[in-house]
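Engineer: coordinates only, no sequence provided:
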């Protein structure tokens with residue numbers, strides 16, 4: 001199948017969807033059960049993918065008890081990503097509808113679902129995935145982290161190609177010096193900075209500008225792009241509008257730091273344009289922090305259809 005469309009959904013539309021399957025994550029964050037509790041009325045398959053680390057941290061045990069009481073099948077994930085073929089095989093007949101809560105998921109887990117549907121030519125002719133994401137209360141950034149190197153997220157579409165100028169599309173977080181270190185490693189010929197404004201909490205964007213002041217001064221104002229944190233469709237379109245004029249002349253690398261919805265949109269761009277690389281910084285593992293739900297969920301419908 002191929003990615004055929006994405007659509008922003010307002011929070012009040014959360015219940016206007018009849019899924020075959022709800023997939024979420026059993027993790028240690030308090031917000032991990034927020035969406036499941038909002039959708040307790042659903043009569044469909046329910047799966048909670050479980051991490052195999054931090055099993056004694058923060059809210060993990062209370063989350064586990066909730067998911068068990070709510071009728072979720074808990075599936076431990078022992079590899080880099082879940083086996084979506086085996087998970088999805090009992091559901092849908094030619095078409096499937098999945099409500100996918102990526103709140104506590106790693107990027108590999110939700111990217112793999114995108115990739116699986118985009119490469120699947122056998123199981124379904126259409127698929128609709130409703131991505132739901134619960135944002136967290138503001139947390140102060142930790143101490144500055146040293147970036148060891150950048151790691152390519154996916155091998156999809158990679159080829160040696162000819163040497164090109166480098167364009168870096170960098171999502172800004174509020175950590176001190178992190179994005180500046182990424183910029184120094186890449187040494188791009190062209191730099192675009194993306195940031196959430198308005199954010200959920202104004203403290204976030206204030207800290208973002210303070211901790212990225214030097215880097216922001218490196219770009220012309222037209223290359224500093226604000227995006228609405230609740231609208232993944234607009235974020236996706238902003239990225240596409242930036243990338244398309246550059247593809248013939250530049251090798252393009254997206255480093256999706258900042259809010260998770262920017263990462264989700266970046267993964268969708270990579271599915272549509274595999275020659276656009278996705279990279280993440282390799283840094284020392286941070287202490288686990290509990291995060292609590294903040295506000296209404298972000299919702300994005302993603303549609304896949306058979307290739308013509």
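Structural biologist: Done, it's in. Here the structure is a predicted model, which means the values were calculated and not measured.
Engineer: can you give me the helices in the stretch 151-300 of the chain?
Structural biologist: Per DSSP state H, counting those that start in this stretch, the stretch 151-300 of the chain carries helices over the ranges 178-186, 202-211, 213-216, 232-243, 260-272.
Engineer: format those helices as CSV; extra columns: mean neighbour count, distance to residue 225 and mean pLDDT.
Structural biologist: C-beta coordinates here come from the backbone N, C-alpha and C atoms, glycine included. Below are the helices of the stretch 151-300 of the chain laid out as CSV (neighbours: other CB atoms under 10 Å; distance: least, CB to CB, whole Å; pLDDT from 0 to 100):
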stretch, mean neighbour count, distance to residue 225, mean pLDDT
helix 178-186, 19, 14, 95
helix 202-211, 16, 13, 92
helix 213-216, 15, 12, 95
helix 232-243, 20, 6, 98
helix 260-272, 24, 11, 96
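Engineer: tabulate those (TSV), appending distance to residue 31.
Structural biologist: Listed next are the helices of the stretch 151-300 of the chain as TSV, based on distance: least, CB to CB, whole Å:
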stretch	distance to residue 31
helix 178-186	23
helix 202-211	16
helix 213-216	30
helix 232-243	18
helix 260-272	12
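Engineer: and the residue most central in space within the chain, what does it touch?
Structural biologist: Centrality entry for the chain: nearest residue to the mean C-alpha point is residue 264, 3.0 Å, by CA atoms, centre = their mean. Counting by CB atoms under 8 Å, 6 or more residues apart in numbering, residue 264 touches 102, 110, 131, 133, 232, 300.
Engineer: let's go with 10 Å and repeat that
Structural biologist: Neighbouring residues of residue 264 by CB atoms under 10 Å, 6 or more residues apart in numbering: 6, 102, 105, 107, 110-111, 114, 131, 133, 232, 235-236, 256, 298, 300, 302.
Engineer: returning to that earlier point: to residue 124, which of the helices of the stretch 151-300 of the chain lies closest?
Structural biologist: Of all these, it is helix 260-272 that lies closest to residue 124, at 16.0 Å by CB to CB.
Engineer: all strands of the chain, in order?
Structural biologist: Taking DSSP state E as the test, the strands found in the chain are 2-9, 21-26, 45-50, 73-76, 94-101, 124-133, 149-152, 165-171, 190-196, 224-227, 250-256, 277-282, 298-305.
Engineer: against residue 144, how distant is residue 182?
Structural biologist: 13 Å (CB to CB, to the nearest Å).
Engineer: one more: residue 122?
Structural biologist: For residue 122, the distance to residue 144 - CB to CB - is 48 Å.
Engineer: re earlier: ok, which of the helices of the stretch 151-300 of the chain comes nearest residue 34?
Structural biologist: The nearest among the helices of the stretch 151-300 of the chain, by CB to CB, is helix 260-272 at 13.9 Å.
Engineer: between that closest one and helix 232-243, how big is the angle?
Structural biologist: Here the directions of helix 260-272 and helix 232-243 differ by 50 degrees (axes from the mean of the first three to the mean of the last three CA atoms, to 10 degrees).
Engineer: quick one: helix 260-272 to strand 277-282, angle?
Structural biologist: Helix 260-272 runs at 140 degrees relative to strand 277-282, counting by the same axes, to 10 degrees.
Engineer: now do helix 260-272 against strand 2-9, angle only.
Structural biologist: Using the same axes, to 10 degrees: helix 260-272 against strand 2-9 is 160 degrees.
Engineer: about what we covered before: so which of the helices of the stretch 151-300 of the chain gets nearest residue 21?
Structural biologist: helix 260-272 (18.8 Å).
Engineer: ok so, going back, and residue 122 and residue 144? which has more neighbours close in?
Structural biologist: Set residue 122 next to residue 144 and count neighbours by other CB atoms under 10 Å: residue 144 wins out with 13 against 6.
Engineer: if I pick the more buried one, what's in contact with it?
Structural biologist: If a contact means CB under 10 Å, 6+ apart, then residue 144 has 175-178, 180-181, 211 as its contacts.
Engineer: report the two of these separated the most.
Structural biologist: Between any two of the contacts of residue 144 (CB to CB), the greatest distance is 11.8 Å, for 181 and 211.
Engineer: overlap in contacts of the two?
Structural biologist: Common neighbours of residue 181 and residue 211 (CB under 10 Å, 6+ apart) are 144, 175.
Engineer: residue 51 contacts residue 64, doesn't it?
Structural biologist: No. Using CB atoms under 10 Å, residue 51 is not in contact with residue 64, being 11.0 Å away.
Engineer: once you drop chain neighbours, what's closest to residue 87?
Structural biologist: Closest residue in space to residue 87, ignoring its immediate chain neighbours: residue 47 at 6.3 Å, by CB to CB, 6 or more residues apart in numbering.
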